[in-house]
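**Student:** Below: sequence and its predicted model.
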Amino acid sequence: MLHAVQAAFGHISEDAIRAVAKALNLSRAEVHGVVSFYHDFRDAPDPRPVIKLCRAEACQARGADALAASLPDQNRVVIETVYCLGLCSVGPNALVGDRPYARLDARKFAALVEQAH
């Protein structure tokens, strides 16, 4: 339910927390605890596009950490760390929306940031 709210509105507001709590017969504190615990949920909209960068062992070994560091302007997009997109043999990988991108290097990653922005 929280993922649906996040997808529809880009964040989970206090009003949404109240509505979800009421619908599931939970306290607001319980729902807020879930929202604040998981980094995928936001309490305010962020207009920047999100790139989920895999930093699992296989992608780390193939240079994923250097990709994030290679961006000249770190504030153009939100770089979120994920662990394993299931494309270990063709890493480093990233996910934009529902679309995966594989075999990234600094040039391809910069182009991905431009495309996402």
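**Tutor:** Received it, and whenever you're ready, just let me know what you need. If you're wondering where the values come from, they're calculated on a predicted model, not measured in any experiment.
**Student:** Please, where are all the strands along the chain?
**Tutor:** 50-54, 78-82, 94-96, 99-101 (DSSP state E).
**Student:** rank the ones you listed by mean pLDDT and give me the bottom one.
**Tutor:** The minimum mean pLDDT among these belongs to strand 78-82 (a mean of 88).
**Student:** Mind putting the strands of the chain into CSV with distance to residue 6?
**Tutor:** Placement of C-beta: from N, CA and C, glycine included. Shown next, in CSV, are the strands of the chain (distance: least, C-beta to C-beta, whole Å):
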stretch, distance to residue 6
strand 50-54, 11
strand 78-82, 13
strand 94-96, 15
strand 99-101, 18
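**Student:** and of those, who's closest to residue 44?
**Tutor:** strand 78-82 (12.5 Å; C-beta to C-beta).
**Student:** mind exporting that closest one as CSV, just the C-alpha atoms?
**Tutor:** Coordinates of each C-alpha in strand 78-82 appear next as CSV, following Å, rounded to 0.1, in the frame of the first residue of the first chain:
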residue,chain,number,x,y,z
VAL,A,78,19.4,11.1,-6.5
ILE,A,79,21.8,8.2,-6.4
GLU,A,80,20.3,5.4,-4.3
THR,A,81,22.3,2.4,-3.4
VAL,A,82,20.7,-1.0,-4.0
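**Student:** what's next to that strand, contact-wise?
**Tutor:** Here strand 78-82 makes contact (C-beta atoms under 8 Å, 6 or more residues apart in numbering) with 39-40, 46, 48-55, 68, 71, 95.
**Student:** among those, who's most crowded?
**Tutor:** With neighbours defined as other C-beta atoms under 10 Å, the most crowded of the contacts of strand 78-82 is residue 54; it has 28 neighbours.
**Student:** now that one: how far from residue 82?
**Tutor:** Distance, residue 54 to residue 82, by C-beta to C-beta, to the nearest Å: 6 Å.
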